[in-house]
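> below are the sequence and a predicted model for it; my questions follow.
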Amino acid sequence: MKKPHRARCGNREEKPQPYRWCCPTCWVPKVPENVLVSSYEAFKALRRLKTNKAPGPDCIPSLILKMFEFELSPILAELYNTSNKQGFLPFLLKSAVVCPLPKRRPPKSIECDVSPISLTSHTAKIMEGFTLSRVLPGITERLDLKQFAMAGKAIQHPIVYLLHLTLEALDQGNCWARWFFADFKKGFDLVDHRILLDKLKLLEVHPCLLRWIASFLEGRSQAVRIASSSSPPCKLNGGIHQGTRLGPLLFAVMVNDLIRHWLPRAKFVDDLTVIEMIPRNVPSILPGADEQELATPILSICHGIFTD
């Protein structure tokens, strides 16, 4: 079998380049005016900053950004607009600091008793908010209506919705309800960028925003910080930082097609709950019974959208 060909440049061997989804500049049309950010919009975003949030790797506190909101607003607007026109996001804005937060003290297991909290740049979060406000209105109608992690919904909404369906069915009698809970372990960390971008393209996200999101996902890095000690930064090949503004929406796009045929359902980011109303003397099809008719499609879809 022949070895794969590698081009040579002088005395240096050129390695094959990794997969890049980023759209060529000639393919992306001119950035429309409704995508560009005005200084006033940047000013309002800076004014909404909360001063009690920890800074990211750039070590710029939100208090400083808010104190100089008038002076920084045109700079921030120009930074985002240029980033969108060029389809490039600076690497410093794509890095994160992960701080382990113990769920119990003392933690006995890193995987079970510690939550990784990602700290990202406040400037990056503001720019993500600009993109989010331009992507979300165009795809809201195509997202699963039972996805309760979107803006304007709270954790209480899916609980009330599922309890209402259950109690309504039980009041009618001659049936019983069975709940199935699924949690995608490390779901954010296993997102395949190529599949995610293809799904966004199917949702008809504007090409310039699609290119910006591709740059936002590509070449990210993170370092772990405990007290005053930090690890060297490590590059990521996939996944989505949970501390980002775009993270919940992008993950909702990944699982948008999951169990949409099953009406009594509720999704909250990486959690899935479905209810089966079972008439008397009728076997259940939920996992745990003899049949695996519900678990099988869930597993097959997950294997198709997440990396190994």
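Cool, got the structure. The structure displayed is predicted, hence computed values, not measured ones. Numbers count the residues shown, from 1 in each chain.
> now do the strands in the stretch 51-200 of the chain.
Remark: strands assigned in the stretch 51-200 of the chain by DSSP state E, counting those that start in this stretch are 95-102, 114-120, 175-183.
> roughly how far out does the second one sit from the chain middle?
Strand 114-120 has its C-alpha centroid displaced from the chain centroid by 14 Å (C-alpha atoms, centre = their mean, to the nearest Å).
> what is that strand packed up against?
strand 95-102 (3 or more C-beta pairs under 8 Å, 6 or more residues apart in numbering; DSSP states H and E). For glycine as for every other residue, the C-beta is placed from the backbone atoms N, C-alpha and C.
> repeat for the longest one
Under the contact criterion of 3+ C-beta pairs under 8 Å, 6+ apart, strand 175-183 touches helix 156-172, strand 271-279.
> what's near enough to touch Asn81?
31, 36-37 (C-beta atoms under 8 Å, 6 or more residues apart in numbering).
> oh, I was asking about Pro102
113-115.
> would you mark the buried spots in stretch 58-75?
Under the neighbour-count criterion of 16 or more other C-beta atoms under 10 Å, stretch 58-75 has 62, 65-66, 69, 72-73 buried.
> oh, I was asking about stretch 241-260
241-256, 258-259.
> leaving out chain neighbours, which residue sits closest to the residue positioned nearest the centre of the chain?
The centre of the chain sits closest to Gly247, judged by C-alpha atoms, centre = their mean, with a distance of 2.3 Å. Nearest residue to Gly247, sequence neighbours excluded (C-beta to C-beta, 6 or more residues apart in numbering): Ile240, at 4.8 Å.
> so that neighbour lies in a helix, does it not?
No: counting by DSSP: H, G, I helix; E, B strand; the rest coil, one finds Ile240 to be coil, located in no helix.
> now Val98, which residues is it bridged with?
Ser118, Val224 (DSSP bridges).
> what does the one 4 residues further on give?
Bridge pairing for Pro102 (DSSP bridges) gives the partners Val114.
> pLDDT value on it, please?
pLDDT, Pro102: 85.
> how about the helices in the protein?
Assigned by DSSP state H, the helices in the chain fall at 39-47, 62-67, 69-86, 110-113, 122-139, 156-172, 193-202, 207-217, 247-254, 295-305.
> got TSV for those helices, with distance to Ala96 and mean pLDDT too?
What follows is the helices of the chain, written out as TSV (distance: least, C-beta to C-beta, whole Å; pLDDT from 0 to 100):
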stretch	distance to Ala96	mean pLDDT
helix 39-47	20	96
helix 62-67	16	94
helix 69-86	18	95
helix 110-113	18	78
helix 122-139	9	93
helix 156-172	28	88
helix 193-202	16	92
helix 207-217	12	93
helix 247-254	11	90
helix 295-305	23	57
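> out of those helices, which is closest to Leu101?
helix 110-113 (10.1 Å; C-beta to C-beta).
> follow-up on the earlier one: nearest to Arg265 among the strands of the stretch 51-200 of the chain would be which one?
The nearest among the strands of the stretch 51-200 of the chain, by C-beta to C-beta, is strand 175-183 at 9.3 Å.
> name the strands paired with that closest one and say parallel or antiparallel.
strand 271-279 (antiparallel).
> now the closest residue to Ala45 other than its chain neighbours: how far from Arg48?
The shortest distance from Ala45 to any non-neighbouring residue, by C-beta to C-beta, 6+ apart, is to Ile126 (4.8 Å). From Ile126 over to Arg48 the distance is 9 Å, taken as C-beta to C-beta, to the nearest Å.
> looking at those two, which is more packed in?
Ile126 (22 against 11; other C-beta atoms under 10 Å).
> so what's that one up against?
Counted by C-beta under 8 Å, 6+ apart, Ile126 has contacts 42, 45-46, 49, 76.
> roughly how far apart are it and Arg142?
Taking C-beta to C-beta, one finds Ile126 at 26 Å from Arg142.
> is it true that Asn84 touches Val35?
Yes: in terms of C-beta atoms under 8 Å, Asn84 counts as a neighbour of Val35; the distance is 6.3 Å.
> now do the shared contacts for these two.
What both Asn84 and Val35 touch, as defined by C-beta under 8 Å, 6+ apart, is the set 208-209.
> these two: who's more crowded?
For Asn84 versus Val35, the count of surrounding residues by other C-beta under 10 Å is larger for Asn84: 24 against 19.
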